[in-house]
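[1] from the sequence below, what's the structure:
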Amino acid sequence: MESSVSEGGLYAFAGVYDGHGGFATSAWLQKQLRPLLESLWQGGAAPERCVNKAFREADKVLLAPSGFMGMGQRGVGGSKCGSTAAVAALWRNAGGRAVLMAANVGDTRVLLCRGGQCVQLTVDHVPDNEDERKRIEAQNPNPKMPLVR
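    Residues are numbered from 1 along each chain as shown. Next up, the predicted model:
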């Protein structure tokens, strides 16, 4: 966990990235997600919006075609490379109170353990979940061939 000194800004950030099909995507996230989040944080937007936008911006970079004029493999590490992500951000609100937020992509989860009790702070993004399956299928360019089987 790293800390920052800017008042009202991001105080601490921790991330776990579980790569699959290679390590390039998780390595990119390890190096780039926090700086991306901090650049958005400086804009004064709500922290939840900053985290959401950071994940979406990272997704655009990670999925962008590489090579000349977008021809070639998709994104960082190629078409079979990806990663889940679980992050926790800590900051001080206007009253000086510490606020913790957790976010995830995929089936990597964030748990808060205190006094021998664990609370799951994130929801797994898995196609077994009906809402997640519908979200995935809503992005399907060919509805006659389901993405989730």
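[2] contacts and neighbour counts: CA atoms only from here.
    Noted.
[3] point out where the chain drops to low pLDDT.
    For the chain, the stretches with pLDDT under 70 are 1-8, 43-45, 67-73.
[4] that one: strands as residue ranges?
    Remark: strands assigned in the chain by DSSP state E are 2-3, 10-20, 82-92, 98-105, 111-114, 117-120.
[5] and D131, how far from D124?
    D131 sits at a distance of 11 Å from D124 (criterion: C-alpha to C-alpha, to the nearest Å).
[6] these two - which one has more neighbours?
    Set D131 next to D124 and count neighbours by other C-alpha atoms under 10 Å: D124 wins out with 17 against 12.
[7] quick one: residues contacting the more buried one.
    Taking C-alpha atoms under 8 Å, 6 or more residues apart in numbering, we find D124 in contact with N104, V105, G106, D107, T108, R109.
[8] how does it look with 10 Å?
    D124 is in contact with N104, V105, G106, D107, T108, R109, V110, E132, counting by C-alpha atoms under 10 Å, 6 or more residues apart in numbering.
[9] quick one: the last one from Y17, how far?
    As defined by C-alpha to C-alpha, E132 lies at a distance of 20 Å from Y17.
[10] more neighbours: which of these two?
    Counted by other C-alpha under 10 Å, E132 and Y17 do not tie: Y17 has more neighbours, with 21 against 14.
[11] which residues does the nearest residue to that one once chain neighbours are set aside form beta bridges with?
    The shortest distance from Y17 to any non-neighbouring residue, by C-alpha to C-alpha, 6 or more residues apart in numbering, is to A85 (4.6 Å). Counting by DSSP bridges, A85 is bridged to Y17, V105.
[12] does A85 touch V105 like I think?
    Yes. With contact defined as C-alpha atoms under 10 Å, A85 counts as touching V105 (5.1 Å).
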